[in-house]
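Enquirer: Please work out how this folds:
(chains A and B)
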Amino acid sequence: MSALRSRFGALELQEYALAIVVVVLFVVGAILKPDSFPTWDNVRNMLTQASVVGVIAIGMTFVIATGGIDLSVGSVLAAAGVFGGVLVDPDGTTWMFILGAVGFATLLGTINATSIAFGRVVPFIATLAMFSIGKGLALLLNDKQPVGLLELNGGSFGDPAPFSLLWFGTGEILGIPVSVYVFLGVTIGGWIMLNRSRYGRHVVAVGGNREAARIAGVPVRRVIFSVYVLSGFLVGIATVLLCARLGSASPVSGNLYELDAIGAVVIGGTSLMGGRATIVGTFLGVLTFAIIFSLMTQLNLSTEVQQVTKGAIVLGAVLLQRPEARF
Amino acid sequence: MSLKRLSISIATAAILALGVAACGGEETTTVTAPATDTSSSGGDSGGGSGETVSIVASVPPTDHGWLGAISKNAQAAADQYDDVDFQLLEAADSDSQAQQIEQAISEEPDALVVLPQDGEALTPVAQKAEEAGIPVINVDRLFSEPDAATATILGDNYQIGVLAADYIAEELNCEGNVVEIQGLAGISVTDERSQGFTDELKKKCPDGGVEIIASQPGDFNPDTGLKVMENILTAEDQIDAVYTHDDDMAQGVVQAIRNAGREDEMFLTGVGGSQDAMDQIKEGGLYRATFLYNPNMAASAVNMARLIALGEGFPELVPPEVPRQVVVPAAVVTQDNVEDYEQYAFN
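Expert: Below is the predicted model:
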């Protein structure tokens, strides 16, 4: 019981430490770029950009909480986008695209889930295979071509009509982008599921000690199955957010998103070994990456400097956390 | 066999020469002409008619508009000829491309066409092919050693940067803020397109006036282009022109500008010559120009490979050899001339 409490204590401190990193980065940005960085425009831009990887990272948190990993998210995103695009090209509606993309991503997630939970394939290998399959499907589905989606909005720009595709990417309600509402909604939903439901306790239990969980009556296989389906489903949501901003579905999008999502989850404090997970930490991890990216492009740093800086900040953020929280 | 044919042709020549000499014509020309005719027709029956040449082409993954056009053009060129046995190999990365070429060498094709993922990394295996007597035609990305290829055909990336700088400087009258969205960092294509641009801007506007306010890589990828441009748009109040290194990637940059509602503030240029870009240039507005990087060079490479394998040359170009290096110039495509260039567009 006390072990449990101290575990919770460590998690809170970790979230606290990462929140400090986010604040420090923001202050640094405000000092270096006082005219453009600490503005509502920029905050809105960073949150919009964070929403795509953010939604994926929430799903990834559940996967990693069980001690698994999902390397396929970036390619599944590309494949789901092109699938949805092909479905609505040349005639179709926004809802057809959304159903198609989310459905296809969920299907690919279900294939991951089946091979891992029932085929007993190691998650790393099963999702690595799906990484390759997804990349291939994205190119195959439309002969390597991107699919334009502007027709779903009548090809118009400016203020998109509510519930048209571009509205999900660029529309606003009360000055806040729709994609940010989606991201916050998914985050809050994820938090409730993980922290306030029996399902969440099962997920963490499976990651902590699979044998003990089984003896305690947790349906281990079903829980493992569910997290990969959830991950696929959320990748589908992220696909819609990205394509709605890009106005097209590109077969080469989603490149390296898996690393950003896994990185955000891990610097947030979720253990790669499983058994310990935090949605708030993941949320802060995603914000950290978004601020770093925004700040470095605004400062016009060269790529090599960006890479070194990003790596150093990530390492620093993890080292800031309490020693026992690291392993 | 060939000796017998040679002696026959010499005999024929001698008889003809005698006959002509008897008629009292210009003997020297008539003596050599029929002799070469006979021997070359003998050569033809060995290489040209009936027998085919095998050509293997190796390219990086064609997940990008321009590279897709490269492989399509190579295939189309090979399909024109009945005497070409053509095989197109796509590799995922430098390592697997090297392995594919190793494999191809063991099958002893008559010529290899290689667009390397990374010129330097694939130089050794190209040298190996050359040593094995298989001529290598290097396309677009250069090998690092001259003995790695028999012939090279490439675009001029530096010139693309120069043309873009000329165009943008003129449109802006040497006055304004320019954003550069580069390709993939750390490869020669990106470096040269960037270097040509900055060098020429200095020459074109020696007193300054055009300032490159941001220069960031978009990885030749529309979603990276979108994100990078979103950040730059947030950071900069006034942008007059955007020089992007690629038409595909530029679509993401265009969308970022449109989403921000700032398409009247600036114009944009691309590189490559995609159908999408040409359509938008025709419509007018944000997309003002692209610089054609002609993917037809792949078709020319296959033609060169065939001629080298047949031991022939271009009739109009230093026959019987094939030029060692062909540099394909870039062309400026704007609303004024887009109709002339649409036939080269790829999608």
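Enquirer: give me every residue that touches A:Ser164.
Expert: Each residue near A:Ser164 by Cβ atoms under 8 Å, 6 or more residues apart in numbering or on different chains is listed here: A:Thr94, A:Leu152, A:Asn153, A:Gly171. Any C-beta I mention is one placed from the backbone N, CA and C, and that applies to glycine too.
Enquirer: Export the residues you listed as a markdown table, with columns for secondary structure.
Expert: Conversion of the contacts of A:Ser164 to a markdown table gives the following (DSSP: H, G, I helix; E, B strand; the rest coil):
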| residue | secondary structure |
| --- | --- |
| A:Thr94 | helix |
| A:Leu152 | helix |
| A:Asn153 | helix |
| A:Gly171 | coil |
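Enquirer: Greatest separation within those residues: which pair is it?
Expert: Every pair in the contacts of A:Ser164 was compared (Cβ to Cβ); the two farthest apart turn out to be A:Leu152 and A:Gly171, at 13.1 Å.
Enquirer: Give the helix, strand or coil label for residue 85.
Expert: Assuming you mean chain A. Here A:Gly85 is recorded as helix under three-state DSSP.
Enquirer: To clarify, I was referring to chain B.
Expert: Applying three-state DSSP: B:Asp85 is strand.
Enquirer: now do the one 4 residues further on
Expert: For B:Leu89, the reduced secondary structure class is strand; criterion used: three-state DSSP.
Enquirer: and if you look at B:Glu321?
Expert: Using three-state DSSP, the secondary structure recorded for B:Glu321 is coil.
Enquirer: Can you pull the phi/psi pair for it?
Expert: Phi and psi for B:Glu321, reported as degrees, to the nearest 10, are phi -90, psi 170.
Enquirer: count of neighbours near it?
Expert: 14 (other Cβ atoms under 10 Å in any protein chain shown).
Enquirer: Compute the distance between it and chain A, please.
Expert: Distance from B:Glu321 to chain A, counting by Cβ to the nearest Cβ, to the nearest Å: 37 Å.
Enquirer: Any stretches of the chain with poor pLDDT?
Expert: Using chain A here. Along chain A, the model assigns pLDDT under 70 to residues A:1-14, A:154-158, A:321-327.
Enquirer: oops, chain B please
Expert: Per-residue confidence for chain B (pLDDT under 70) gives these ranges: B:1-50.
Enquirer: Nearest residue to the middle of it?
Expert: Nearest residue to the geometric centre of chain B (Cα atoms, centre = their mean): B:Met297, 3.6 Å.
Enquirer: mind listing what that residue touches?
Expert: Taking Cβ under 8 Å, 6+ apart as the criterion, B:Met297 is in contact with B:Ile70, B:Val139, B:Asp140, B:Ile153, B:Leu154, B:Gly155, B:Val326, B:Val328.
Enquirer: ranking the residues you listed by neighbours, who comes first?
Expert: Neighbour counts for the contacts of B:Met297, by other Cβ under 10 Å, peak at B:Val139, which reaches 28 neighbours.
Enquirer: what does stretch B:153-161 contact?
Expert: Among residues not part of stretch B:153-161, those counted as contacts by Cβ under 8 Å, 6+ apart are B:137-142, B:188-189, B:192-200, B:271, B:291, B:293-294, B:297, B:300-301, B:304, B:325-330.
Enquirer: hmm, 6 Å instead?
Expert: Residues from elsewhere that reach stretch B:153-161, judged by Cβ atoms under 6 Å, 6 or more residues apart in numbering or on different chains: B:139-140, B:189, B:192-193, B:196-197, B:271, B:291, B:293, B:297, B:300-301, B:326-328, B:330.
Enquirer: Just the buried ones from the residues you listed?
Expert: By neighbour count, with 16 or more other Cβ atoms under 10 Å in any protein chain shown, the contacts of stretch B:153-161 hold B:139-140, B:189, B:192-193, B:196-197, B:271, B:291, B:293, B:297, B:300-301, B:326, B:328, B:330 as buried.
Enquirer: between those, which is nearest B:Val162?
Expert: Ranked by distance to B:Val162 (Cβ to Cβ), the buried ones among the contacts of stretch B:153-161 are led by B:Gly196 at 4.5 Å.
Enquirer: thought that closest one was touching B:Val162?
Expert: Yes. Using Cβ atoms under 6 Å, B:Gly196 is in contact with B:Val162, at 4.5 Å.
Enquirer: what about the helices in chain A?
Expert: Assigned by DSSP state H, the helices in chain A fall at A:2-32, A:40-65, A:73-88, A:94-117, A:123-141, A:165-170, A:178-196, A:198-208, A:210-215, A:220-246, A:257-268, A:279-298, A:303-320, A:323-326.
Enquirer: Indicate whether stretch B:226-237 makes contact with chain A.
Expert: Yes. Using Cβ under 6 Å from any Cβ of the partner chain, stretch B:226-237 comes into contact with chain A via B:Leu226, B:Lys227, B:Val228, B:Glu230, B:Asn231, B:Thr234, B:Ala235.
Enquirer: can I get the residues you listed in JSON lines with neighbour count?
Expert: Listed next are the residues of stretch B:226-237 next to chain A as JSON lines, based on neighbours: other Cβ atoms under 10 Å in any protein chain shown:
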{"residue": "B:Leu226", "neighbour count": "28"}
{"residue": "B:Lys227", "neighbour count": "26"}
{"residue": "B:Val228", "neighbour count": "25"}
{"residue": "B:Glu230", "neighbour count": "24"}
{"residue": "B:Asn231", "neighbour count": "25"}
{"residue": "B:Thr234", "neighbour count": "22"}
{"residue": "B:Ala235", "neighbour count": "25"}
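Enquirer: before we move on, back to that, put together a markdown table for the contacts of A:Ser164, with neighbour count on each row.
Expert: Shown next, in a markdown table, are the contacts of A:Ser164 (neighbours: other Cβ under 10 Å):
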| residue | neighbour count |
| --- | --- |
| A:Thr94 | 22 |
| A:Leu152 | 23 |
| A:Asn153 | 19 |
| A:Gly171 | 19 |
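Enquirer: Closest to chain B out of these?
Expert: Nearest to chain B among the contacts of A:Ser164: A:Gly171, at 10.2 Å, using Cβ to the nearest Cβ.
Enquirer: Who's the closest spatial neighbour of A:Phe163, skipping the chain neighbours?
Expert: Using Cβ to Cβ, 6 or more residues apart in numbering or on different chains and skipping the chain neighbours, the partner closest in space to A:Phe163 is A:Thr94 (6.6 Å).
Enquirer: List the contacts of the spatially most central residue of chain A.
Expert: When chain A is reduced to its mean C-alpha position, the nearest residue by Cα atoms, centre = their mean turns out to be A:Ile56, at 2.0 Å. By Cβ under 6 Å, 6+ apart, the contact set of A:Ile56 is A:Val73, A:Val235, A:Ala238, A:Ala261.
Enquirer: Now A:Val122: closest residue in space that isn't a chain neighbour?
Expert: A:Ile116 (7.8 Å).
Enquirer: what about that neighbour, distance to chain B?
Expert: 25 Å.
Enquirer: and that residue, how many residues sit next to it?
Expert: Counted by other Cβ under 10 Å, the residues lying close to A:Ile116 total 25.
Enquirer: and chain A, which residues reach chain B?
Expert: Of all the residues in chain A, those in contact range of chain B (Cβ under 6 Å from any Cβ) are A:36, A:41-42, A:45, A:49, A:139, A:144, A:157, A:170, A:246-247, A:250, A:252-253, A:294, A:297-298, A:300, A:303.
Enquirer: Make a PyMOL selection of the buried ones in the residues you listed.
Expert: This is the PyMOL syntax for the buried subset of these, where burial follows 16+ other Cβ under 10 Å:
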select buried, chain A and resi 36+42+45+49+139+144+157+170+246+247+250+252+253+294+297+298+300+303
